[in-house]
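[1] how would this look folded up:
(2 chains)
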Amino acid sequence: GEDVEQSLFLSVREGDSSVINCTYTDSSSTYLYWYKQEPGAGLQLLTYIFSNMDMKQDQRLTVLLNKKDKHLSLRIADTQTGDSAIYFCAENNNAGNMLTFGGGTRLMVKP
Amino acid sequence: DTEVTQTPKHLVMGMTNKKSLKCEQHMGHRAMYWYKQKAKKPPELMFVYSYEKLSINESVPSRFSPECPNSSLLNLHLHALQPEDSALYLCASSHSFGGLVDTQYFGPGTRLTVL
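    Below you'll find the predicted structure:
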(Lines give C-alpha, C1' and ligand atoms only; values in the text may rest on other atoms or scores of the structure.)
Protein backbone atom coordinates (compact mmCIF):
# COMPACT_ATOMS: atom_id res chain seq x y z
CA GLY A 1 0.00 0.00 0.00
CA GLU A 2 0.90 3.62 -0.01
CA ASP A 3 3.05 5.00 2.77
CA VAL A 4 4.41 8.48 3.37
CA GLU A 5 6.93 9.12 6.13
CA GLN A 6 8.36 12.24 7.72
CA SER A 7 10.57 12.95 10.68
CA LEU A 8 8.61 14.17 13.69
CA PHE A 9 10.45 17.28 14.72
CA LEU A 10 12.86 19.95 13.47
CA SER A 11 14.26 22.88 15.41
CA VAL A 12 16.10 25.77 13.75
CA ARG A 13 17.19 29.29 14.64
CA GLU A 14 15.51 32.30 13.10
CA GLY A 15 17.27 33.28 9.89
CA ASP A 16 18.62 29.80 9.21
CA SER A 17 17.34 27.52 6.47
CA SER A 18 15.00 24.65 7.33
CA VAL A 19 14.85 21.41 5.37
CA ILE A 20 11.91 19.09 5.94
CA ASN A 21 12.15 15.66 4.38
CA CYS A 22 9.55 13.17 3.23
CA THR A 23 9.72 9.70 1.69
CA TYR A 24 6.93 7.92 -0.12
CA THR A 25 6.43 4.48 -1.58
CA ASP A 26 3.86 4.84 -4.35
CA SER A 27 5.73 5.12 -7.62
CA SER A 28 2.55 6.14 -9.43
CA SER A 29 2.36 9.41 -7.47
CA THR A 30 1.72 12.23 -9.87
CA TYR A 31 1.52 15.24 -7.55
CA LEU A 32 3.25 15.79 -4.23
CA TYR A 33 2.14 18.50 -1.85
CA TRP A 34 3.33 20.45 1.14
CA TYR A 35 0.70 21.72 3.55
CA LYS A 36 1.30 23.91 6.62
CA GLN A 37 -0.85 23.70 9.74
CA GLU A 38 -0.60 26.26 12.49
CA PRO A 39 -1.97 25.41 15.96
CA GLY A 40 -5.75 25.12 15.95
CA ALA A 41 -6.00 25.92 12.23
CA GLY A 42 -6.74 24.08 9.01
CA LEU A 43 -4.26 23.00 6.38
CA GLN A 44 -2.80 25.72 4.20
CA LEU A 45 -1.50 24.64 0.81
CA LEU A 46 2.08 25.85 0.54
CA THR A 47 3.23 24.39 -2.72
CA TYR A 48 3.12 21.30 -4.88
CA ILE A 49 5.27 19.63 -7.49
CA PHE A 50 4.39 17.46 -10.43
CA SER A 51 6.24 14.18 -10.60
CA ASN A 52 8.03 15.01 -13.85
CA MET A 53 9.78 17.95 -12.17
CA ASP A 54 12.95 17.88 -10.08
CA MET A 55 12.66 21.24 -8.43
CA LYS A 56 10.21 24.04 -7.86
CA GLN A 57 10.97 27.38 -6.26
CA ASP A 58 8.44 29.83 -4.88
CA GLN A 59 9.91 32.80 -3.00
CA ARG A 60 11.45 31.36 0.20
CA LEU A 61 10.29 27.83 -0.55
CA THR A 62 12.21 25.29 -2.61
CA VAL A 63 10.84 21.82 -3.27
CA LEU A 64 13.20 19.09 -4.43
CA LEU A 65 11.97 15.78 -5.77
CA ASN A 66 14.14 12.71 -6.24
CA LYS A 67 11.78 10.34 -7.99
CA LYS A 68 14.30 7.51 -8.13
CA ASP A 69 14.68 7.51 -4.34
CA LYS A 70 11.05 8.60 -3.76
CA HIS A 71 12.29 11.48 -1.64
CA LEU A 72 10.72 14.91 -1.36
CA SER A 73 12.08 17.86 0.56
CA LEU A 74 10.92 21.35 1.44
CA ARG A 75 13.54 24.00 2.06
CA ILE A 76 12.49 27.22 3.76
CA ALA A 77 15.07 29.96 3.40
CA ASP A 78 15.52 32.64 6.09
CA THR A 79 13.16 30.83 8.45
CA GLN A 80 11.00 33.12 10.58
CA THR A 81 9.15 32.52 13.86
CA GLY A 82 5.91 32.65 11.86
CA ASP A 83 7.05 29.53 10.05
CA SER A 84 6.64 27.52 13.26
CA ALA A 85 3.94 24.98 12.45
CA ILE A 86 3.38 21.37 11.46
CA TYR A 87 4.26 20.59 7.85
CA PHE A 88 2.56 17.70 6.09
CA CYS A 89 3.70 16.20 2.85
CA ALA A 90 1.07 14.36 0.84
CA GLU A 91 1.00 12.38 -2.36
CA ASN A 92 -1.79 12.13 -4.87
CA ASN A 93 -1.87 9.49 -7.56
CA ASN A 94 -4.05 9.25 -10.60
CA ALA A 95 -6.24 6.51 -9.11
CA GLY A 96 -8.74 9.14 -8.09
CA ASN A 97 -8.03 12.24 -6.09
CA MET A 98 -7.08 10.57 -2.81
CA LEU A 99 -4.36 12.16 -0.71
CA THR A 100 -2.01 10.08 1.42
CA PHE A 101 -0.49 12.21 4.16
CA GLY A 102 2.74 11.82 6.03
CA GLY A 103 2.63 12.02 9.81
CA GLY A 104 3.70 15.67 9.84
CA THR A 105 6.91 17.41 10.92
CA ARG A 106 6.70 19.94 13.71
CA LEU A 107 9.01 22.88 12.90
CA MET A 108 10.07 25.01 15.83
CA VAL A 109 11.86 28.28 15.07
CA LYS A 110 13.84 29.77 17.92
CA PRO A 111 14.44 33.54 17.99
CA ASP B 1 -10.04 33.08 -4.28
CA THR B 2 -9.12 29.69 -2.81
CA GLU B 3 -11.22 29.94 0.32
CA VAL B 4 -13.18 27.17 1.99
CA THR B 5 -15.20 28.32 4.99
CA GLN B 6 -16.45 26.20 7.86
CA THR B 7 -18.90 26.89 10.67
CA PRO B 8 -18.93 26.75 13.58
CA LYS B 9 -15.30 27.19 14.55
CA HIS B 10 -15.85 25.37 17.84
CA LEU B 11 -18.63 23.03 18.92
CA VAL B 12 -19.27 21.34 22.25
CA MET B 13 -22.01 18.74 22.36
CA GLY B 14 -23.34 16.01 24.57
CA MET B 15 -23.66 12.42 23.49
CA THR B 16 -27.43 12.76 23.02
CA ASN B 17 -27.31 15.97 20.99
CA LYS B 18 -27.83 16.42 17.27
CA LYS B 19 -25.70 19.04 15.59
CA SER B 20 -24.41 19.88 12.12
CA LEU B 21 -21.14 21.12 10.69
CA LYS B 22 -21.23 23.28 7.59
CA CYS B 23 -18.73 23.86 4.81
CA GLU B 24 -18.95 26.24 1.88
CA GLN B 25 -16.84 27.04 -1.16
CA HIS B 26 -17.44 29.38 -4.09
CA MET B 27 -14.60 28.29 -6.32
CA GLY B 28 -16.83 26.24 -8.62
CA HIS B 29 -15.27 23.04 -7.31
CA ARG B 30 -17.30 19.88 -7.89
CA ALA B 31 -15.59 17.64 -5.33
CA MET B 32 -15.85 18.15 -1.58
CA TYR B 33 -14.35 16.18 1.28
CA TRP B 34 -14.70 15.63 5.01
CA TYR B 35 -11.63 14.73 7.06
CA LYS B 36 -11.20 13.98 10.75
CA GLN B 37 -7.96 14.98 12.45
CA LYS B 38 -6.93 13.91 15.92
CA ALA B 39 -4.20 15.78 17.79
CA LYS B 40 -0.69 15.32 16.44
CA LYS B 41 -1.96 13.12 13.59
CA PRO B 42 -2.53 13.71 9.88
CA PRO B 43 -6.07 14.15 8.55
CA GLU B 44 -8.05 10.97 7.88
CA LEU B 45 -10.49 10.93 5.00
CA MET B 46 -14.14 10.31 5.93
CA PHE B 47 -16.28 11.13 2.88
CA VAL B 48 -15.93 12.38 -0.68
CA TYR B 49 -18.71 13.99 -2.70
CA SER B 50 -18.37 14.38 -6.42
CA TYR B 51 -20.98 16.35 -8.34
CA GLU B 52 -23.15 16.29 -5.20
CA LYS B 53 -23.14 12.50 -5.02
CA LEU B 54 -21.40 10.47 -2.36
CA SER B 55 -18.40 8.78 -3.98
CA ILE B 56 -16.39 7.57 -1.02
CA ASN B 57 -17.39 6.56 2.51
CA GLU B 58 -14.33 5.35 4.38
CA SER B 59 -16.34 3.01 6.64
CA VAL B 60 -17.46 5.91 8.81
CA PRO B 61 -19.96 5.07 11.60
CA SER B 62 -23.55 5.99 10.83
CA ARG B 63 -23.62 8.54 13.64
CA PHE B 64 -21.88 10.77 11.06
CA SER B 65 -24.20 11.60 8.18
CA PRO B 66 -22.93 13.75 5.29
CA GLU B 67 -25.12 15.80 3.02
CA CYS B 68 -24.36 17.84 -0.10
CA PRO B 69 -27.40 20.04 -0.80
CA ASN B 70 -25.73 21.81 -3.72
CA SER B 71 -22.36 22.16 -5.37
CA SER B 72 -21.18 24.86 -2.95
CA LEU B 73 -22.31 23.37 0.35
CA LEU B 74 -21.37 20.32 2.35
CA ASN B 75 -22.85 19.41 5.72
CA LEU B 76 -21.93 16.81 8.30
CA HIS B 77 -24.81 15.84 10.59
CA LEU B 78 -23.82 14.49 13.97
CA HIS B 79 -25.95 12.35 16.25
CA ALA B 80 -25.21 10.20 19.31
CA LEU B 81 -21.49 10.86 19.15
CA GLN B 82 -18.96 9.40 21.52
CA PRO B 83 -16.19 11.25 23.40
CA GLU B 84 -13.61 9.61 21.12
CA ASP B 85 -15.20 11.48 18.20
CA SER B 86 -13.76 14.70 19.60
CA ALA B 87 -11.38 16.02 16.93
CA LEU B 88 -10.80 18.74 14.35
CA TYR B 89 -13.12 18.20 11.39
CA LEU B 90 -11.75 19.57 8.16
CA CYS B 91 -13.56 20.21 4.92
CA ALA B 92 -11.74 20.40 1.60
CA SER B 93 -12.66 20.95 -2.03
CA SER B 94 -11.08 20.39 -5.43
CA HIS B 95 -12.06 20.99 -9.05
CA SER B 96 -12.85 17.34 -9.60
CA PHE B 97 -12.48 13.83 -8.25
CA GLY B 98 -11.76 10.48 -9.76
CA GLY B 99 -10.49 11.47 -13.14
CA LEU B 100 -8.02 14.29 -12.94
CA VAL B 101 -5.46 14.80 -10.22
CA ASP B 102 -6.46 18.03 -8.59
CA THR B 103 -5.33 20.11 -5.67
CA GLN B 104 -7.40 20.03 -2.50
CA TYR B 105 -7.99 23.27 -0.61
CA PHE B 106 -8.82 22.99 3.06
CA GLY B 107 -11.04 25.02 5.34
CA PRO B 108 -10.00 26.15 8.84
CA GLY B 109 -11.82 23.27 10.52
CA THR B 110 -14.37 22.85 13.29
CA ARG B 111 -13.00 21.85 16.67
CA LEU B 112 -15.54 19.38 18.07
CA THR B 113 -15.66 18.33 21.71
CA VAL B 114 -18.07 15.56 22.76
CA LEU B 115 -18.80 15.43 26.47
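
[2] Every contact and neighbour count from this point should use C-alpha atoms.
    Noted.

[3] Excluding sequence neighbours, find me the nearest residue to residue B:79.
    Once flanking residues are discounted, residue B:79 sits nearest to residue B:18: 4.6 Å by Cα to Cα, 6 or more residues apart in numbering or on different chains.

[4] Kindly report the same for residue B:86.
    For residue B:86, ignoring the flanking residues on the chain, the nearest one in space by Cα to Cα, 6+ apart is residue B:113 at 4.6 Å.

[5] What strand or helix carries the one you found?
    For residue B:113, the enclosing helix or strand under DSSP states H and E is strand B:110-114.

[6] Give the partner strands of that strand in its sheet and their orientations.
    If you go by DSSP bridges, strand B:110-114 pairs up with strand B:10-13 (parallel), strand B:87-94 (antiparallel).

[7] List the buried residues in the shortest one.
    Spelled out, that is strand B:10-13. Buried residues in strand B:10-13, defined by neighbour count with 16 or more other Cα atoms under 10 Å in any protein chain shown: residue B:13.

[8] Number of residues surrounding the residue nearest to residue B:79?
    One way to gauge burial is a neighbour count; for residue B:18, by other Cα atoms under 10 Å in any protein chain shown, it gives 13.

[9] Just say helix, strand or coil for the residue nearest to residue A:99 when sequence neighbours are not counted.
    Take residue A:99 and drop its neighbours on the chain: the residue closest to it by Cα to Cα, 6+ apart is residue A:92, 4.9 Å away. Here residue A:92 is recorded as strand under DSSP: H, G, I helix; E, B strand; the rest coil.

[10] which ones are touching residue A:92?
    Under the criterion of Cα atoms under 8 Å, 6 or more residues apart in numbering or on different chains, the contact list for residue A:92 reads A:29-32, A:98-100, B:101.

[11] and of these, the nearest to residue B:61?
    Distances from residue B:61 to the contacts of residue A:92, taken as Cα to Cα, are shortest for residue A:98 (20.1 Å).

[12] Assign a three-state SS to the most centrally placed residue in chain B, would you?
    Among the residues of chain B, the smallest C-alpha distance to the mean C-alpha position (Cα atoms, centre = their mean) belongs to residue B:34, namely 2.8 Å. Per three-state DSSP, the local secondary structure of residue B:34 is strand.

[13] so it bridges to which residues?
    Bridge pairing for residue B:34 (DSSP bridges) gives the partners residue B:47, residue B:91.

[14] Do you know the pLDDT at it?
    Here the pLDDT value assigned to residue B:34 is 98.

[15] need the contact list for it.
    Residue B:34 is in contact with B:45-48, B:89-92, counting by Cα under 8 Å, 6+ apart.

[16] which of the residues you listed tops the neighbour count?
    Comparing the contacts of residue B:34 by number of neighbours (other Cα under 10 Å), residue B:91 comes first, having 34 neighbours.

[17] Distance of that one relative to residue B:20?
    Applying Cα to Cα, to the nearest Å, one obtains 13 Å for the distance of residue B:91 from residue B:20.
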